[in-house]
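Enquirer: my questions are about this predicted structure, shown below with the sequence.
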Amino acid sequence: MINSLEIHHPMTSLRGGCKQGGDTGSGMADLSTTWERELLEQFSYLTAATDEELHLNTADITSESSDNTTGLLHLSDEVLLVILRNLDPVSLLRLGGTCSLLFRVCSCNSLWTTHFQDSFGASLSYTHARCPVTAKTAFRLVFMWRSLFRNIHCNHAFQEKLFVEIPLAPHKYWIQWLMLEESVPLPSVRLPCSDVEKLWGITADLFQDKLQEETEDCDTLKFEWRELYHLALKHHGSVSLVFQHVLSQHQNSEHTELESMYHQYVQCRFQWLFTYWLFRQLAPYNKQLRSIFLQWKKHSKRKVATWGETLCDVRYLASLHPITKDYWRGQLARGDESLGIQTVGNYFCMCKSLVAWILGRDWGRLKRRKVYEDTLEGVYLLLRREMQETLIEHERFWQVAKVQMTRVCMLEETAANYVNWKMIETLPYYKLYLVSGNSVYLDHVQGFLRRKRLIRDWIYLEENSWARQLLPAALNRLPTAGVLDTRFLNTSLHGDCLMAQLSRLMWLYLNSGQELYLEALKGMVLQCAQACLNHLNALQASQVPVA
């Protein structure tokens, strides 16, 4: 089932509507993308207006304002309609939910026919009562259907509904909706000629040639779904009339199942699409993707062992990368799941190139891993806001990655060794240099390391050897105290013990460069060493036997 869906992707142009219609604007896809993502979350408010609601009396609205004050509710319906034409569907829904008067005006057919045309490439005609439902209801139903159909490849519940019920045809509900789609990822179907005429409105004369070619049962014919769509388009004359025929077929239908499946999809669409992308790739690429996904990432081998299985913890896998974590939460491309998953795919395509480049260098294991991790962190820091707004292509990712990798290598040269490198990554200047490349921040990092080296050199002066012997543990930890400890947020900087006091002075000096903290640190070390020496002398004196 999955393979067939993967080969025949159901939606080639959802936002552009059906290409055969002559009334589709060239900028229709762009108009749709500005609101569709928010509409997914707000769709529960989009309900069909009843006749009673469409004729609400404005007398229900009371105003506390004075007679000489004119507000939005005082404008005529005609003026309100001119204003409301500038609103997108989400804003129109929100405004209509404020009061009964605005609900009535915001449900006007003239407003929603425009949105229907822009979104689906088909016009609704209300002359001579040709369209059987209100434009708002039509928009609502078609939007829910299109959202489900566009993501059929990752929606198992919807796949089972179509695959199981359509051949058996216990009811015609889903077949009627499929009439709107040119490319349907289902095998050909045998249908009685009477059903074809009843469901699609196609007269028998349009498939007379097919009847003559059929050698088996003449009562049923084998149809491809694309063939049925074009026959319906030929019979009705335009895409708009095909839409109106489908809506007329559904005017007495219960849409509870469609609504239920849609709301389930709204809640789970990011998880479903991410799972499909992560586990349903072609065999060679699937193995390669797993390797890249886990390359140099700290992860639980126990959880990763169930990769692709039913009990696999997909949420945990998504948490391994900040970009997949954002996608799981719906925070990429303004919540558009299709654009978001493309961004995720482009990101890991960049990771593949980055791994190949790093492995081609004569570097040690630790350096390779550190360069990879820090480069990816820099890419995320630099593109995080851009990813939240729009699709990021592979070339954009790769250009940023090359710049970030150059900066990481510069930081590695500045650190001089792996210990220093791990230490300075906790500094704010480290990330600021990654994002900006400003040499000022690199100077701050160099100053930090220089001050750390000054403390270490002072500790190992020959004249301080007596202090090292008296305070071995404290002085051995001092060059890194207050640095790595702050990263892990433990209690080394807090309390009244000797190590905490030294760590605080060390932290203040390393991050500020003020010499007074260095002098205070030296004085405390010598003072503590002297106190320890006095204590040892006192103990020795107390143990000497009296003559």
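Expert: Structure's in. What do you need?
Enquirer: go through the chain and flag its longest helix.
Expert: In the chain, with assignment by DSSP state H, the single longest helix is helix 515-543.
Enquirer: where does pLDDT dip in this protein?
Expert: 1-70, 127-129, 165-171, 207-219, 473-495, 544-547 (pLDDT under 70).
Enquirer: and it, what are its domains?
Expert: Domains of the chain are assigned by automatic domain parsing as 2-61+71-132, 150-261, 281-415, 449-543.
Enquirer: nearest to residue 439, out of these?
Expert: Closest of the domains of the chain to residue 439 is domain 281-415, at 9.4 Å (criterion: C-beta to C-beta). All C-beta spots, glycine's among them, are computed from the backbone N, C-alpha and C.
Enquirer: quick check: end-to-end length of that closest one?
Expert: Domain 281-415 has an end-to-end distance of 41 Å (criterion: C-alpha to C-alpha, to the nearest Å).
Enquirer: equivalent analysis for stretch 83-93, please.
Expert: Note: stretch 83-93 ends 14 Å apart using C-alpha to C-alpha.
Enquirer: and that stretch, what's buried?
Expert: 84, 87, 88, 89, 90, 92, 93 (16 or more other C-beta atoms under 10 Å).
Enquirer: which of those fall in helices?
Expert: Those of these lying in helices (DSSP H): 84, 89, 90, 92, 93.
Enquirer: and residue 274, how many residues sit next to it?
Expert: Residue 274: 22 surrounding residues under other C-beta atoms under 10 Å.
Enquirer: work out for me the element it sits within.
Expert: helix 256-279 (DSSP states H and E).
Enquirer: may I see the buried residues of that helix?
Expert: 258, 261-262, 265, 269-279.
Enquirer: which one of these is nearest residue 198?
Expert: Residue 198 lies nearest to residue 258 out of the buried residues of helix 256-279, by C-beta to C-beta, at 20.6 Å.
Enquirer: just after whichever strand or helix holds residue 411, pick out the following helix or strand.
Expert: For residue 411, the host element (DSSP H and E) is helix 394-415. Note on helix 394-415: by DSSP H and E, the next helix or strand toward the C-terminus is helix 418-424.
Enquirer: ok, residues contacting that following helix?
Expert: For helix 418-424, the external contacting residues (C-beta atoms under 8 Å, 6 or more residues apart in numbering) are 366-367, 370, 411-412, 414-415, 430, 445, 448-449, 452, 480, 483-484.
Enquirer: other SSEs contacting the helix or strand following that helix?
Expert: Next in sequence after helix 418-424, counting helices and strands by DSSP H and E, comes helix 428-436. Applying 3 or more C-beta pairs under 8 Å, 6 or more residues apart in numbering; DSSP states H and E, one finds that helix 428-436 contacts helix 365-389, helix 394-415, helix 439-459.
Enquirer: the same query, at a cut-off of 6 Å, please.
Expert: Contacting helix 428-436 under the criterion 3 or more C-beta pairs under 6 Å, 6 or more residues apart in numbering; DSSP states H and E are the following elements: helix 365-389, helix 439-459.
Enquirer: please identify the buried residues of the helix or strand following the shortest one?
Expert: With elements assigned by DSSP H and E, the helix or strand that comes after helix 439-459 is helix 465-470. The neighbour-count criterion (16+ other C-beta under 10 Å) identifies 467, 468, 470 as the buried residues of helix 465-470.
Enquirer: check stretch 103-123 too.
Expert: Within stretch 103-123, the residues that qualify as buried are 103-109, 111-123, counting by 16+ other C-beta under 10 Å.
Enquirer: mind checking which of the contacts of helix 418-424 are buried?
Expert: Neighbour-count burial (16+ other C-beta under 10 Å) applied to those gives 367, 370, 411-412, 414-415, 430, 445, 448-449, 452, 480, 483.
Enquirer: next, format the residues you listed as a markdown table and append distance to residue 309.
Expert: Shown next, in a markdown table, are the buried ones among the contacts of helix 418-424 (distance: C-beta to C-beta, whole Å):
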| residue | distance to residue 309 |
| --- | --- |
| 367 | 35 |
| 370 | 32 |
| 411 | 40 |
| 412 | 39 |
| 414 | 45 |
| 415 | 42 |
| 430 | 39 |
| 445 | 45 |
| 448 | 47 |
| 449 | 47 |
| 452 | 48 |
| 480 | 43 |
| 483 | 42 |
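Enquirer: from the residues you listed, which is closest to residue 158?
Expert: When those are compared against residue 158 (criterion: C-beta to C-beta), the nearest one is residue 370, at 44.8 Å.
Enquirer: the closest residue to residue 257 other than its chain neighbours and residue 266, how far apart?
Expert: Using C-beta to C-beta, 6 or more residues apart in numbering and skipping residues adjacent in sequence, the residue nearest residue 257 is residue 173, 7.5 Å away. Note on residue 173: its distance to residue 266, by C-beta to C-beta, to the nearest Å, is 20 Å.
Enquirer: which of the buried residues of helix 465-470 lies closest to residue 250?
Expert: Using C-beta to C-beta, these come closest to residue 250 at residue 468, 86.2 Å.
Enquirer: sorry, back to before: out of the domains of the chain, which is closest to residue 426?
Expert: domain 449-543 (4.4 Å).
Enquirer: and the end-to-end length of the closest one?
Expert: 46 Å.
Enquirer: cool, stretch 350-368 as well?
Expert: Terminal residues of stretch 350-368 lie 16 Å apart, using C-alpha to C-alpha.
Enquirer: can you check stretch 302-321 too?
Expert: This stretch, stretch 302-321, spans 18 Å end to end (C-alpha to C-alpha).
Enquirer: okay, now residue 206: neighbour count?
Expert: 16.
Enquirer: swap that for residue 472, sorry
Expert: Neighbours of residue 472 under the rule other C-beta under 10 Å: 10.
Enquirer: now swap in residue 357 and tell me
Expert: For residue 357, the count of nearby residues is 16 (other C-beta under 10 Å).
Enquirer: list the buried ones in the longest helix of the chain?
Expert: Buried, per 16+ other C-beta under 10 Å, within helix 515-543: 517, 518, 520, 521, 522, 525, 528, 529, 532.
Enquirer: the closest residue to the fifth one other than its chain neighbours: neighbouring residues, count only.
Expert: Pointing back at residue 522 there. Spatial nearest neighbour of residue 522, excluding adjacent residues (C-beta to C-beta, 6+ apart): residue 458 at 6.6 Å. Neighbourhood size, residue 458 [other C-beta under 10 Å]: 15.
Enquirer: ok, now residue 158?
Expert: Residues lying near residue 158 (other C-beta under 10 Å) number 20.
Enquirer: that one belongs to a strand?
Expert: No: according to DSSP: H, G, I helix; E, B strand; the rest coil, residue 158 belongs to no strand; its state is helix.
Enquirer: need the buried residues of helix 465-470 in TSV (columns: distance to residue 318).
Expert: Listed next are the buried residues of helix 465-470 as TSV, based on distance: C-beta to C-beta, whole Å:
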residue	distance to residue 318
467	52
468	49
470	53
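Enquirer: ok, the residues you listed vs residue 232, which is closest?
Expert: Set against residue 232, the nearest of those by C-beta to C-beta is residue 468 (90.0 Å).
Enquirer: picking up where we left off before, identify, from the buried residues of helix 465-470, the entry nearest to residue 237.
Expert: Among the buried residues of helix 465-470, and counting by C-beta to C-beta, the member closest to residue 237 is residue 468, at 94.9 Å.
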